[in-house]
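Novice: sharing a model that was predicted from the sequence below.
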Amino acid sequence: MKKLSMPILLLTLFGCTNATNKKIQTKILDTIAVVKIDEPNNKKPEEKAIKKDTIRNEEATQMSEDSYQKAVINPSDSSLNVYQNIRADYRIFGYRKPDTNSRKMIFFSVFTTDVDKNPYKCSYGSYYSSSEMENMKMKYVKDVGNFIEAKLIRNENELLTPIYILKSWVEF
């Protein structure tokens, strides 16, 4: 019985060892396959498309500090005007509140990309000059912190929403 039990023991020992090695090899191969599937294939994460802001990024619309133009308040009647001047640079927003993060209500710019099709979706439109505003005009009301308050007047009597313009873009 000892003679017979020894070969059975050896056969069982080698047989179990080979089966264990095969399982380990299979597990290693499966693991490698899983890792390859889960790897991002060395791709960079997708970058979101950043829409250019014409105020800061377009080379054709870079503003020159030497040729800034401001809106002008006439002292005799408090009218507020933006004059069109192709040789001057200007971008003047009128905001809903005295805060540059508030809704943009009206816009004046020398750049066609800023005015054409009202890209900033200003409620009262985008213009090259105040003379282009059909049946509307602006009147200075008062100073409000770093802003001036102006009122939009339509058809000589109808008051529209007040607008706020940064003082740095207005000349008294």
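Specialist: All right, it came through fine.
Novice: could you pull out the helices for this structure?
Specialist: 2-38, 112-115 (DSSP state H).
Novice: which of these has the lowest average pLDDT?
Specialist: Sorting the helices of the chain by mean pLDDT places helix 2-38 lowest, at a mean of 51.
Novice: so, low pLDDT: which residues of this structure?
Specialist: For the chain, the stretches with pLDDT under 70 are 1-67.
Novice: and the strands in it?
Specialist: 71-73, 79-81, 91-95, 104-109, 126-127, 136-144, 147-154, 158-166, 170-171 (DSSP state E).
Novice: right, so those: which one is the most enclosed?
Specialist: Comparing the strands of the chain by mean neighbour count (mean count of other CB atoms under 10 Å), strand 104-109 ranks first with a mean of 24. C-betas here are computed from N, CA, C, even on glycine.
Novice: mind checking which of the strands of the chain is nearest Asp116?
Specialist: Among these, strand 126-127 comes nearest to Asp116, with 7.9 Å by CB to CB.
Novice: quick one: list the elements packing against the closest one.
Specialist: Where contact means 3 or more CB pairs under 8 Å, 6 or more residues apart in numbering; DSSP states H and E, strand 126-127 is packed against strand 104-109, helix 112-115.
Novice: so which of the strands of the chain gets nearest Tyr120?
Specialist: Per CB to CB, nearest to Tyr120 of the strands of the chain: strand 104-109, 5.1 Å.
Novice: just checking, what packs against the closest one?
Specialist: So strand 104-109, by 3+ CB pairs under 8 Å, 6+ apart, packs with strand 91-95, helix 112-115, strand 126-127, strand 158-166.
Novice: tell me which of those lies nearest to Phe172.
Specialist: Closest among the helices and strands packed on strand 104-109, using CB to CB: strand 158-166, at 12.3 Å.
Novice: could you export that closest one as CSV, CA atoms only?
Specialist: Coordinates of each C-alpha in strand 158-166 appear next as CSV, following Å, rounded to 0.1, in the frame of the first residue of the first chain:
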residue,chain,number,x,y,z
GLU,A,158,-42.0,107.1,-22.6
LEU,A,159,-39.5,106.3,-19.9
LEU,A,160,-37.8,102.9,-20.2
THR,A,161,-35.7,101.0,-17.7
PRO,A,162,-32.9,103.0,-16.1
ILE,A,163,-29.4,101.9,-17.3
TYR,A,164,-26.1,102.1,-15.6
ILE,A,165,-22.8,102.9,-17.3
LEU,A,166,-19.4,102.8,-15.7
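Novice: all set, thanks.
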